[in-house]
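J.: Sharing a model that was predicted from the sequence below.
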Amino acid sequence: MHARAALAALAGVLVLAAAAAAGVRDVPPTPEAFRPCGSRGDSSRPQALPSPLGARIGPLVIWPSIRSRVEEYGTSGDWAFYVKAPIVLPARAKVTLAVASEAAHLIAFQAAGGEWVSSIRFEACRENVRAFPGAYKGTVGRYTGFPFGFALARRSMCVPLDVWVEERTTPIRRLVPFGRRSCG
């Protein structure tokens, strides 16, 4: 019995060490910004997934403009480049998008008021939420789209991003290409 307890304790230590070595947090970050359903962007029809996808991190999809539309940002500081890339989530999804700690000097997320943050929470609409007046008749539907942008230290790079899905204990991490087709 003691051998099992010792093995279980050792396994727990090894899991924590592996997570620390990989730079993965053991708890979700406290979001620095919040994007509720009401901050979505409605167009002339309900949101659909882009084709092709830009990058998928669990339920979160980043628009494919991240691969090719990186522009000079034109300000001094850490962020020399910028790319507009909407975020798309399935209805009812609640996630926190976070920059992996080892990449905090490479990328930031656009928040309200021109602020740049390293973590942001998104809450997608329910399927039956009515579209904004002047957009289209009907409801938001299967997906919610959020206007969004990324500030970058370089025009072309691969960056590790984490998505924490509500009620999951570990993040989904992906290496995301900016200004390039892939990271492979």
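T.: On my side now, so go ahead. Residues are numbered from 1 along each chain as shown.

J.: The longest strand anywhere in the chain - contacts with which helices or strands?
T.: Longest strand in the chain by number of residues, with DSSP state E as the criterion: strand 157-165. Strand 157-165 is packed against strand 55-57, strand 94-99, strand 172-178, with contacts defined by 3 or more C-beta pairs under 8 Å, 6 or more residues apart in numbering; DSSP states H and E. The C-beta positions use only the backbone N, C-alpha and C, and glycine is treated the same way.

J.: strands paired with the last one, and their directions?
T.: Paired with strand 172-178 in the same sheet, following DSSP bridges, are strand 157-165 (antiparallel).

J.: The first one too?
T.: Partners of strand 55-57 in the sheet, by DSSP bridges, are strand 60-62 (antiparallel).

J.: What of the second one?
T.: Note on strand 94-99: by DSSP bridges, its sheet partners are strand 119-123 (antiparallel), strand 157-165 (antiparallel).

J.: buried sites along it?
T.: Across strand 94-99, burial judged by 16 or more other C-beta atoms under 10 Å covers Val95, Thr96, Leu97, Ala98, Val99.

J.: ok, now the first one?
T.: Buried residues in strand 55-57, defined by neighbour count with 16+ other C-beta under 10 Å: Ala55, Ile57.

J.: what about it, distance to the chain center?
T.: Strand 55-57 sits 8 Å away from the centroid of its parent chain (C-alpha atoms, centre = their mean, to the nearest Å).

J.: ok, residues contacting that strand?
T.: Val61, Ile62, Ile66, Leu97, Leu161, Asp162, Val163, Ile172, Arg173, Arg174, Val176, Pro177 (C-beta atoms under 8 Å, 6 or more residues apart in numbering).

J.: Let's have the residues you listed in a markdown table, adding distance to Arg121 and pLDDT.
T.: Listed next are those as a markdown table, based on distance: C-beta to C-beta, whole Å; pLDDT from 0 to 100:
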| residue | distance to Arg121 | pLDDT |
| --- | --- | --- |
| Val61 | 16 | 98 |
| Ile62 | 16 | 98 |
| Ile66 | 20 | 93 |
| Leu97 | 8 | 98 |
| Leu161 | 14 | 98 |
| Asp162 | 13 | 98 |
| Val163 | 11 | 98 |
| Ile172 | 15 | 98 |
| Arg173 | 17 | 98 |
| Arg174 | 18 | 97 |
| Val176 | 18 | 98 |
| Pro177 | 24 | 97 |
